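Peer 1: Show me the folded form of this:
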Amino acid sequence: MDQDTARRLFEQGACLVILDAPTGTEFGIDLATWETGPLFSGLKMIPPGMHYIHYSAKDSAHGGTAMRSGRFHAFAAQEVVVWRWDAATEQLVEGSRETVERIRANLRDLDPRLGAYPVGIARDGEPLGTSYTRWTRISCYVSASTVARVLPTGGSFSSATGSVYEDEEMEQARKKLLTRNDELFVENIPVDAEDRFAFPLVDIRHSFPRNAAPEDIHKYIVDKTWLLREMLRREWDGQAGLLLGEFQVAFLVILVGQNFTGLEHWKRLMHLVLGSSSALEDRDLVTSIVMPLLHTMRGQLEECPADFATMVFDYSDNFVASLLCSFVLSLYECPCENKELNGMIDELRPFLAERFQWTLPYGRDLQEEADIETGEYAPQIVDL
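Peer 2: So this is what the prediction gives:
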């Protein structure tokens, strides 16, 4: 960290004071994680803005650490936040107003026990930019409003926090069981109504209006633009930033929160936006949603660990790969000129090839393949 940055963060940065945290607790902020020592009392020089604080208690009985918990917090400049370790629940809880005032008055005495925010940590020893720059790239749309909308009451969640997508999966499994045996008793498993993400259900399979004519339903299923506009109006108050904020939160829930509930919402939001081929003809949607989502996705994929990247690009579950191919084909067939989008895709190709050893085809090649599959050389069904 250079002296100017250090001085600015010292003067404007926030402080997070942690009281009574056990030695050996896994503690982190944003993309950095440490194991606490006996003198650890929190962090200082935290850049103002939204951050994610996460922690896991030491599992003394079985070794390792317990389930990860965490919460988002929007730090104001020079703010002093005090959390206390609750040994009974193994959670961080807010300190009383009196405790905060006492800590603030004696903050200088506590300074040697506060670690500095890890501005300059690079990933895997590579100079990929500072930790904070990487963090802001994948969290810049996460606002206090987004956090309040989609996170459980109080803003905290753990690796076990559920969502509407688990309900959907359980209902599908229940219907399958009932289909196999109508007399089979299927118990509804109770869920914790408070410990749940409030992600809106993105029902990709029903992407058409209720009164759609049968001949139009196929168009709506292939092109998700109607559903994108409808959900933007109904769920996000017409604000693209709320949609993008949820896209970022869902990924951070997976990447840092270690909760795979966010994976389904992340995938469906990506499908909703990149699967909306007619939206490419709407300049407002392109600049406010499509381009920012692609930019965010690039940053997210740069942070992906190898096992996660393999899962989304492997041909056994090639969701991202197939969706990007469909998007490139839609972009190639779009009657409007989209220089910025084409430029973003051109920049994405070498990154995907180097990082994931995966080649993103060009639009003309995808169109030729599509013509072969649907033209006179397409496979034919014959009666024997």
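
Peer 1: Enumerate every residue touching W85.
Peer 2: I18, L19, D20, A21, P22, T25, Q91, L92 (CB atoms under 8 Å, 6 or more residues apart in numbering). (C-beta placed from N, C-alpha, C; glycine too.)

Peer 1: how close does the nearest residue to F208 once chain neighbours are set aside get to L324?
Peer 2: Nearest residue to F208 in three dimensions, chain neighbours excluded: Y220, at 3.4 Å (CB to CB, 6 or more residues apart in numbering). Between Y220 and L324 the computed distance is 22 Å (CB to CB, to the nearest Å).

Peer 1: And R7, by the same measure?
Peer 2: 43 Å.

Peer 1: Tell me which of those two has more neighbours.
Peer 2: Per other CB atoms under 10 Å, whichever of R7 and L324 has more neighbours is L324, with 23 against 12.

Peer 1: Quick check: the more buried one touching T359?
Peer 2: No. Here L324 does not reach T359: they are 10.9 Å apart, not a contact under CB atoms under 8 Å.

Peer 1: How about stretch 355-372, which residues are buried there?
Peer 2: F356, W358, L360, P361, G363, L366 (16 or more other CB atoms under 10 Å).

Peer 1: Make TSV from those residues and add pLDDT to it.
Peer 2: Formatted as TSV, these follow (pLDDT from 0 to 100):
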residue	pLDDT
F356	84
W358	86
L360	93
P361	92
G363	92
L366	93
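
Peer 1: With distance to D216 and secondary structure as added columns, please give these in CSV.
Peer 2: Listed next are these as CSV, based on distance: CB to CB, whole Å; DSSP: H, G, I helix; E, B strand; the rest coil:
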residue, distance to D216, secondary structure
F356, 37, helix
W358, 35, coil
L360, 31, coil
P361, 30, coil
G363, 26, helix
L366, 25, helix
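
Peer 1: Of those residues, just say which sits nearest to F40.
Peer 2: Relative to F40, the closest of the buried residues of stretch 355-372 is F356; by CB to CB it sits at 37.1 Å.

Peer 1: circling back to that earlier point, now for the buried residues of stretch 355-372: which two are most distant?
Peer 2: Farthest pair in the buried residues of stretch 355-372, by CB to CB: F356 and G363, 20.0 Å.

Peer 1: show me where the stretch 1-150 of the chain has strands.
Peer 2: 14-19, 26-29, 32-35, 42-46, 49-56, 69-75, 80-86, 91-94, 115-116 (DSSP state E, counting those that start in this stretch).

Peer 1: go on, the stretch 151-300 of the chain?
Peer 2: 156-158.

Peer 1: can you give me the helices in it?
Peer 2: 164-180, 214-222, 225-234, 240-255, 261-274, 283-285, 291-303 (DSSP state H, counting those that start in this stretch).

Peer 1: Run the angle between the fifth one and helix 225-234 for me.
Peer 2: So that's helix 261-274. Put simply, helix 261-274 runs at 120 degrees to helix 225-234, going by axes from the mean of the first three to the mean of the last three CA atoms, to 10 degrees.
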